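**Q** model this:
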Amino acid sequence: MKRIKPIIWGLAIIALGVIFGGNAIGLFNIDIFFDGWWTLFIIVPSAISLITDREKLSSLAALACGVILLLAAQDIFSYDVAWKAMLAIFLIAIGLSIIIKGTHVFTNKNDKEVEAKVKSTKSSADDENQIAIFSGSNRVYSDKEVFTGANLTAVFGGVELDLRNATIKKDTVIKAFCVFGGIDIKVPEDVEVKVKSGFIFGGISDDRKHVSNKGKYTIYIDAAGGFGGIDIEDDSRKK
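**A** Here you go, the predicted structure:
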């Protein structure tokens, strides 16, 4: 799905260019600066995410809030009603997310295995620790470095962990937490990856081209947070 997203964004930008160009040369007169036009910056990205991303609940909630703000800007109802409606949507979405995650509805089949592995794995002094708060952190392993595990935290920031050239000698655990941030994890093609996700308004996107279920070693990713996301990529992105 991630490959579809640039196409949709490209078509949207092309359409905007056609509208500007057509208006300029007099082919037509389409007013894009209508009352509440700014809500399109909420509606369009949310609609695209609803189509392309696996995490639908947050995209649907954001889309609903964008439409409500557009209707308020069009004087269909007051902004006071709009804010109350958005608060209701926000609370309902959080409640649904908690129920889904807490009751293991639509959860990943690997959740229990990842949870057991995390509990049985002790932290090592050699483990990678990356923390990005209102900032960014980037760690690239060379082929001479051994990866033993990692703790990744992104709060209003971004973390990137590149393991594509790392030496992996055993099953390892990555604990990842992000709030209003993003974490990118790049893994070798010859490892298996199992993920446990506990996100509220966010999620994990597995964009590996070569998904191996018979890797010599397994990377267990225990991910949690809110209003953020984690991307998993493989070695094919270098090519």
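**Q** Tell me where the protein has strands.
**A** Assigned by DSSP state E, the chain shows strands spanning 128-133, 136-140, 150-155, 158-162, 172-179, 182-186, 191-206, 217-233.
**Q** Make JSON lines out of these and add mean pLDDT and mean neighbour count.
**A** C-beta: built from backbone N, CA, C; applies to glycine. As requested, the strands of the chain are exported to JSON lines (pLDDT from 0 to 100; neighbours: other Cβ atoms under 10 Å):
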{"stretch": "strand 128-133", "mean pLDDT": "90", "mean neighbour count": "16"}
{"stretch": "strand 136-140", "mean pLDDT": "90", "mean neighbour count": "15"}
{"stretch": "strand 150-155", "mean pLDDT": "92", "mean neighbour count": "21"}
{"stretch": "strand 158-162", "mean pLDDT": "92", "mean neighbour count": "20"}
{"stretch": "strand 172-179", "mean pLDDT": "90", "mean neighbour count": "23"}
{"stretch": "strand 182-186", "mean pLDDT": "90", "mean neighbour count": "23"}
{"stretch": "strand 191-206", "mean pLDDT": "78", "mean neighbour count": "20"}
{"stretch": "strand 217-233", "mean pLDDT": "84", "mean neighbour count": "21"}
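**Q** Relative to Leu57, which of these is closest?
**A** Among the strands of the chain, the nearest to Leu57 by Cβ to Cβ is strand 191-206 (7.4 Å).
**Q** What are the structural domain limits within the protein?
**A** 4-102, 111-238 (automatic domain parsing).
**Q** Determine which stretch of the ones you listed is the most buried.
**A** domain 111-238 (a mean of 18; mean count of other Cβ atoms under 10 Å).
**Q** what ranges of this protein fall below the confidence cut-off?
**A** In the predicted model of the chain, residues 1-5, 8-9, 52-55, 97-109, 200-202, 209-215, 235-239 satisfy pLDDT under 70.
**Q** list the contacts for Leu163?
**A** Contacts for Leu163 (Cβ atoms under 8 Å, 6 or more residues apart in numbering) come out as 141, 147, 185-188, 219.
**Q** circling back: make a markdown table out of the strands of the chain and add distance to Ile92.
**A** Shown next, in a markdown table, are those (distance: least, Cβ to Cβ, whole Å):
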| stretch | distance to Ile92 |
| --- | --- |
| strand 128-133 | 30 |
| strand 136-140 | 33 |
| strand 150-155 | 25 |
| strand 158-162 | 29 |
| strand 172-179 | 21 |
| strand 182-186 | 25 |
| strand 191-206 | 12 |
| strand 217-233 | 16 |
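**Q** got the angle between the lengthiest helix in the chain and strand 191-206?
**A** Looking across the chain with DSSP state H, the single longest helix is helix 79-102. Angle of helix 79-102 versus strand 191-206, following axes from the mean of the first three to the mean of the last three Cα atoms, to 10 degrees, is 160 degrees.
**Q** Mind giving me the packing neighbours of helix 79-102?
**A** For helix 79-102, the packing partners by 3 or more Cβ pairs under 8 Å, 6 or more residues apart in numbering; DSSP states H and E come out as helix 57-73, strand 191-206.
**Q** Would you mind putting the ones you listed into a markdown table with distance to Ile7 alongside?
**A** Listed next are the helices and strands packed on helix 79-102 as a markdown table, based on distance: least, Cβ to Cβ, whole Å:
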| stretch | distance to Ile7 |
| --- | --- |
| helix 57-73 | 17 |
| strand 191-206 | 16 |
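**Q** Looking at these, which is nearest to Ser46?
**A** So among the helices and strands packed on helix 79-102, helix 57-73 is nearest, using Cβ to Cβ, at 3.9 Å.
**Q** circling back to that earlier point, determine the angle, from 0 to 180 degrees, between the longest helix of the chain and strand 217-233.
**A** Going by the same axes, to 10 degrees, helix 79-102 makes 160 degrees with strand 217-233.
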